[in-house]
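# Fold the following.
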Amino acid sequence: MIDTDKYEGHTPGQWSVTSIRDGSIPWNTADEELCADAPLLLAEVKRLYEWIERAGSMVAQSGYLLNALTEKHEATKIFLEEVFEE
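The predicted structure is shown next:
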C-alpha cells in the first residue's frame with residue numbers, strides 16, 4: 001500500500017517540465033516525493049484497472065449463474081407442484 005500522506009501539500013494543478021524548470025510553479029518536498037513515486041503510482045493504477053476489470057467480469061459471471069439458478073429453481077418448483085398435485 002502506498003503511503004499517500006507524504007504527498008500532502010503538493011502543488012495542485014497542471015505541471016509541466018517547463019514550468020518547473022523556469023520556476024513559474026513553486027516546488028516543495030511533497031512535489032519531489034510525488035514525482036519520484038510516479039512509476040510506482042502508475043504501476044498501482046494499472047494494477048487497480050486490472051482488478052476492476054476482473055471484478056466486473058466476476059460480477060457478470062455471478063449474474064449469469066444467479067439467473068441460471070433462478071431458472072432451475074423455478075423449474076424445480078413447477079415440477080414439485082405438479083408432483084404433489086396428483
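
# tell me the SS of the nearest residue to Ser19 once chain neighbours are set aside?
Distances taken as C-beta to C-beta, 6 or more residues apart in numbering put Ile25 closest to Ser19, at 4.5 Å, once the chain neighbours are dropped. C-beta coordinates here come from the backbone N, C-alpha and C atoms, glycine included. Under DSSP: H, G, I helix; E, B strand; the rest coil, Ile25 falls in the coil class.

# List the backbone torsions phi and psi for the nearest residue to Ala30 once chain neighbours are set aside.
The shortest distance from Ala30 to any non-neighbouring residue, by C-beta to C-beta, 6+ apart, is to His10 (4.1 Å). Note on His10: its backbone torsions stand at phi -70, psi 160 [degrees, to the nearest 10].

# pLDDT score for His10?
For His10, the model assigns a pLDDT of 91.

# How much space separates it from Glu81?
As for His10, its distance to Glu81 is 66 Å (criterion: C-beta to C-beta, to the nearest Å).
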